[in-house]
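Trainee: make a model of this:
(chains A, B and C)
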Amino acid sequence: MQLLITILLDGLTYASYLFIVSVGLTIVFGVLKILNVAHGAFYAWGAYAAAYAITYAADMEYSDWIGFVCIFLAAALVGLVLGMIIERVILRHMYAQDEVLIALATFGIFLILEDVILLVFGVNPYFAYQPMALLGRVPMGGISRDVYSFTLMALACVVAFSCWWGLTKTKWGKLISVVIYDREISQAMGINVSMVYLIVFVIGAGLGALGGAYVAPTLSVAPGFGIDVIVLSFAVVVIGGMGSIPGALIGALMVGILRAVAVHKMPELELFVVFAVMATVLIIRPEGLFAPAKARTI
Amino acid sequence: MLQILRSDKTIRWTLVGFFVLAIAGNFMPAWVQNNLMFGLARGLAVLGLMVLWRTGLISFGHALYFGIGAYAVALVDKHLGVSDIFLRLAFAMGAAAMVGFALGFILRKYRSIFFAMLSLAFSMVLYGILVKVEALGSTDGFSVSATSILGWTPESKYTLFCAIIVACAAAACMVQYYLKTGLGALTTAIRDNELRVEYLGYSVSKAIHFKYIISAGLAGASGAMMAMALGQVDPDSMVNWTVSGELVFITVMAGPGSVIAPFIGGVVFEFLRTYAFELAPHAWQLIVGGTLLAIIFFLPMGLWSLLERIWVRKGSSS
Amino acid sequence: MNGAPALKVTDLCKSFSGITAANNINVEATDGDIIGIIGANGAGKTVFVNMITGYLKPTSGKIEHHGKDITGIEPRDATHVGVCRSFQVSQVFMTMTVRENLLIALAIAKDEGKAMLSSPRSPDLLAEADRMMAAYKIEDHADAVASTLSQGVRKLLDIAMAVVANPKVLLLDEPTSGVSVEEKFAIMDIVIAALKEKGVTVLFVEHDMEIVERYVDRVLAFYQGEVICDAPPAEALVDPKVIEYVIGHDHAPNPTPAVNGGEKPETANA
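Mentor: Just a heads-up that it's a prediction; the model follows:
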């Protein structure tokens, strides 16, 4: 019983952070139709920026609560600055190209951003534990767990709700839905598709950065931070359906729980099982489990 | 068939070029020889990727076959004591081609981003297995003993160097011949218009499957050569998605223009890496990423197209 | 080539989740027939062509070619059997020259693909390609890349490629659509002459009634997935049902054969 609770909580924690990271990737794919490999770099940048800010604040002897402000500030900053630069300078010239070529270009951007991290933040790892330590621990399922991980789950719920609300209840959300359906028709109707693309990309980048920023206090932020996450978020997005937000949620839950089960029951299968499911979904239902409805083109 | 071989300029230049390289290799310092070995070995995998690219497909997961080839060599070495180069290559290419044959049934139905993602998924499945299973070396991998040839174990690496050159030259010539036949012309035809190919009476799925197996076999040979040249295998440098990324980078950098381009690309990549690590160890990825973007934007047909332009200009001025 | 008809379609039906695109279609064509298929957009003409050439599988019914059942076979098998098609939007290899297009087509067609193992630039394939380009009058464009061709020439190339496999039955999907008015008759003259020479049975979808009148032996009129008329053009074009559902009252042609003086029927055009 205790093991079950541990697995469940581990799985949910894992799923929460995967969801926050992956929802940005899926939104960008759904609207701009590009697979952004550089998303892993947003994650890494968010983590580094947050870790740097938190340790700086700690050095300055500010209250540890500032750490939380740092996290959200860092994510927003990374999303805005990096997102805008990349979309305006590089991506906007490529929208007419083949989607695999665009993905390759984002791979190039990923590599560049990973090295710029080293130049900006140095090669030593950051350990910005303050926000996590601040919230303390609570016993559950036989072991004491960080309260922090529950706040991560809460954040995931907030993000999920905000995305849903933003897309269905606001004017901008409706505009985005139209652009997803057909870019040309949207332009013909007078929607500033260019601006929509920019905003969506920045939001996606910001969400990826938020994933990294919020996770930063729980581990050591070191070079190579984004490399594993990017393929895991690919798996999540593929399983759930590329472009679908509920899909990202379901995909994250599946991957998170599968990994938790594997880690506790059969550690050798930990990575294998995630990608095996990804491959299986691609074979059986390439659009994913929750693919957004596509209009017939013929 | 002989007519194609005799009249083809590329084949002639390839054979000449590789022969000169083989001779020159004897007089090169060890580090140059090593880089050439690694670069040319990688070029084999890139050659396979080039065939797929001409067909309109880009695989994000060829590290799967590269890794299968490398690990096949390491495993037959460790468990069966096989050190002969021909046997090792046979095992490696055989294993890679078999997996390529099996997975090809599934992959041949996919295109574009789905083809890329599915091939990535398959390669990460292997990575996931290798990284976690102790018996297969886990993250440390394991070493490969020296390569022998027909019973004789040479002392220097020069023999292996020549062997790699021969393999690359053979592969380049065979692919060149293949591309000149009707089957080879199908690459561009399928990329241009699959529907028309079907209606002319040829199965596009079968054609893609065949090309996929070829590219898998070549990548397997590539991994095998790498394992033998390096003397060791491990998942992160041979099976991880970053390895697939490197291979695709070299493919795009070299361009689809000629069967020699992949090898030039592989060698350029290797030398670039050595220099970059010496000059700016934390800027290597930046250079690769920047180069990739530059090529996509300014030289989409790769370095080979640049060489062709210089060649043509020289030819017209002289 | 036994006595069986070149094409025999029996009770052919096709529905897409509730929508009937084809309803009990019965057609018979003898060797050498030239048949025009007319009908408003959405009447089921292309669905009909797609089913015969294997692009769509019928829900029920039978398609036979010289007595052989070809219902539901793959497009490439249809080609092997001798039933080929051309496309409304020309499907050619855009980055290759006209000659290269034909060479590949010929290489695939010859010896069931054995020619694929050697270079397409062999002397007999080159000669054959030249012969085809001459027959379709596109030899001037032999070395032009397909993407630079005018619509008309590209259409001719598309049709030539469809004919490479020496089909006994050829279906042309709107061979003159997208082609300028000056080129329309020129193209059809060339195509029909080349096909008549080989005795090919031709069915072509067409919106332009002038073309239909000029070249066909029979007219098949479609409406809402059914054949409402199957008769020689003189009869069909004055058939009340055809006038009602295809040509339109304002544009029904005069009873006299030559149509040059009257208005061009516009209703059926997109």
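Trainee: residues contacting B:V267?
Mentor: B:N35, B:L36, B:G39, B:L40, B:G43 (C-beta atoms under 8 Å, 6 or more residues apart in numbering or on different chains). (C-beta placed from N, C-alpha, C; glycine too.)
Trainee: which of these ranks first by neighbour count?
Mentor: Of all the contacts of B:V267, B:G43 has the most neighbours under the rule other C-beta atoms under 10 Å in any protein chain shown, reaching 32 neighbours.
Trainee: which parts of the chain are helices?
Mentor: Picking chain A for this. Ranges of helices in chain A, per DSSP state H, are A:2-32, A:39-59, A:66-89, A:99-121, A:130-135, A:147-169, A:171-181, A:183-188, A:193-215, A:227-240, A:245-265, A:270-284.
Trainee: my question was about chain C, not that one.
Mentor: C:45-52, C:75-81, C:98-109, C:123-135, C:151-163, C:181-198, C:209-215, C:233-236, C:240-242.
Trainee: re the thing from before, got the helices of chain A as a markdown table, with mean neighbour count, mean pLDDT and distance to C:K155 columns?
Mentor: Formatted as a markdown table, these follow (neighbours: other C-beta atoms under 10 Å in any protein chain shown; pLDDT from 0 to 100; distance: least, C-beta to C-beta, whole Å):
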| stretch | mean neighbour count | mean pLDDT | distance to C:K155 |
| --- | --- | --- | --- |
| helix A:2-32 | 23 | 90 | 36 |
| helix A:39-59 | 26 | 90 | 45 |
| helix A:66-89 | 20 | 90 | 42 |
| helix A:99-121 | 22 | 91 | 30 |
| helix A:130-135 | 18 | 80 | 68 |
| helix A:147-169 | 16 | 89 | 45 |
| helix A:171-181 | 16 | 81 | 33 |
| helix A:183-188 | 14 | 80 | 27 |
| helix A:193-215 | 25 | 92 | 35 |
| helix A:227-240 | 26 | 90 | 41 |
| helix A:245-265 | 22 | 90 | 44 |
| helix A:270-284 | 20 | 88 | 39 |
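Trainee: contacting residues around the nearest residue to C:K14 once chain neighbours are set aside?
Mentor: Closest residue in space to C:K14, ignoring its immediate chain neighbours: C:A22 at 4.0 Å, by C-beta to C-beta, 6 or more residues apart in numbering or on different chains. By C-beta under 8 Å, 6+ apart, the contact set of C:A22 is C:L12, C:C13, C:K14, C:S15, C:G44, C:V47, C:F48, C:M51, C:P58, C:G61, C:G225, C:E226.
Trainee: if we can go back for a sec, JSON lines for the helices of chain C, including mean pLDDT?
Mentor: Listed next are these as JSON lines, based on pLDDT from 0 to 100:
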{"stretch": "helix C:45-52", "mean pLDDT": "88"}
{"stretch": "helix C:75-81", "mean pLDDT": "87"}
{"stretch": "helix C:98-109", "mean pLDDT": "90"}
{"stretch": "helix C:123-135", "mean pLDDT": "89"}
{"stretch": "helix C:151-163", "mean pLDDT": "89"}
{"stretch": "helix C:181-198", "mean pLDDT": "84"}
{"stretch": "helix C:209-215", "mean pLDDT": "86"}
{"stretch": "helix C:233-236", "mean pLDDT": "84"}
{"stretch": "helix C:240-242", "mean pLDDT": "82"}
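Trainee: and A:S144, which of the ones you listed is closest to it?
Mentor: Nearest of the helices of chain C to A:S144, taken as C-beta to C-beta: helix C:75-81 at 65.4 Å.
Trainee: who touches that closest one?
Mentor: Here helix C:75-81 has contacts from B:198-203, C:52-55, C:65, C:68, C:70, C:73, C:84, C:112, C:165, C:167, using C-beta under 8 Å, 6+ apart.
Trainee: distance of the closest residue in space to A:A156 that isn't next to it in sequence from A:A262?
Mentor: Nearest non-adjacent residue to A:A156, counting by C-beta to C-beta, 6+ apart: A:S16, 3.7 Å away. For A:S16, the distance to A:A262 (C-beta to C-beta, to the nearest Å) stands at 18 Å.
Trainee: equivalent analysis for B:V125, please.
Mentor: To A:A262, B:V125 is 13 Å away according to C-beta to C-beta.
Trainee: how many neighbours does whichever residue of the stretch 151-270 of chain C sits closest to chain A have?
Mentor: Of all residues in the stretch 151-270 of chain C, C:D173 sits closest to chain A, at 13.5 Å by C-beta to the nearest C-beta. By the criterion of other C-beta under 10 Å, C:D173 has 22 neighbours.
Trainee: which ones are touching it?
Mentor: So C:D173 contacts C:T46, C:V49, C:R85, C:S86, C:F87, C:Q88, C:F204, C:V205 (C-beta under 8 Å, 6+ apart).
Trainee: the first one touches C:V205, doesn't it?
Mentor: So that's C:T46. Yes. Using C-beta atoms under 8 Å, C:T46 is in contact with C:V205, at 6.7 Å.
Trainee: find residues that contact each of those two.
Mentor: Shared contacts of C:T46 and C:V205 (C-beta under 8 Å, 6+ apart): C:Q88, C:D173.
Trainee: who has more neighbours, these two?
Mentor: C:V205 (24 against 20).
Trainee: read off the pLDDT value for the residue nearest to C:K14.
Mentor: For C:A22, the pLDDT comes out at 85.
Trainee: for C:V27, which non-adjacent residue is spatially closest?
Mentor: C:V9 is the one closest to C:V27 (C-beta to C-beta, 6+ apart), at 4.4 Å.
Trainee: for the one you found, list each beta-bridge partner.
Mentor: C:V27, C:I63 (DSSP bridges).
Trainee: what is the burial count for it?
Mentor: C:V9, neighbours per other C-beta under 10 Å, totals 22.
Trainee: hmm, C:I25 and it touching each other?
Mentor: Yes. Counting by C-beta under 8 Å, C:I25 is a contact partner of C:V9 at 5.7 Å.
Trainee: what's the burial count for the closest residue to chain C within chain B?
Mentor: Of all residues in chain B, B:G182 sits closest to chain C, at 3.4 Å by C-beta to the nearest C-beta. For B:G182, the tally of surrounding residues (other C-beta under 10 Å) stands at 25.
Trainee: which residues does the closest residue to it other than its chain neighbours contact?
Mentor: Nearest-residue entry for B:G182: C:M116, 3.4 Å, with adjacent residues in sequence omitted and distances by C-beta to C-beta, 6+ apart. By C-beta under 8 Å, 6+ apart, the contact list for C:M116 reads B:T181, B:G182, B:L183, B:L186, B:Y202, C:A107, C:I108.
Trainee: for residue 14, what are its contacts?
Mentor: No chain in the question, so chain A it is. So A:Y14 contacts A:V255, A:G256, A:I257, A:R259, A:A260 (C-beta under 8 Å, 6+ apart).
Trainee: hmm, I had chain C in mind actually
Mentor: C:T20, C:A21, C:A22, C:V47, C:M51, C:L56, C:P58, C:T59, C:G225.
Trainee: cool, B:H282 as well?
Mentor: Contacts of B:H282 (C-beta under 8 Å, 6+ apart): A:D115, A:L118, A:L119, A:V123.
Trainee: next: A:A209.
Mentor: A:F42, A:Y43, A:W45, A:G46, A:A49, A:A74, A:A75, A:A76, A:V78, A:G79, A:L82.
Trainee: ok, which residues in the stretch 101-250 of chain B are in contact with chain C?
Mentor: Of all the residues in the stretch 101-250 of chain B, those in contact range of chain C (C-beta under 8 Å from any C-beta of the partner chain) are B:180-183, B:185-186, B:188-189, B:192-193, B:195-203.
Trainee: put the buried members of these into a ChimeraX selection.
Mentor: Applied in ChimeraX, the following selects the buried portion of these according to 16 or more other C-beta atoms under 10 Å in any protein chain shown:
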select /B:180,181,182,183,185,186,188,189,192,193,196,197,198,199,200,201,202,203
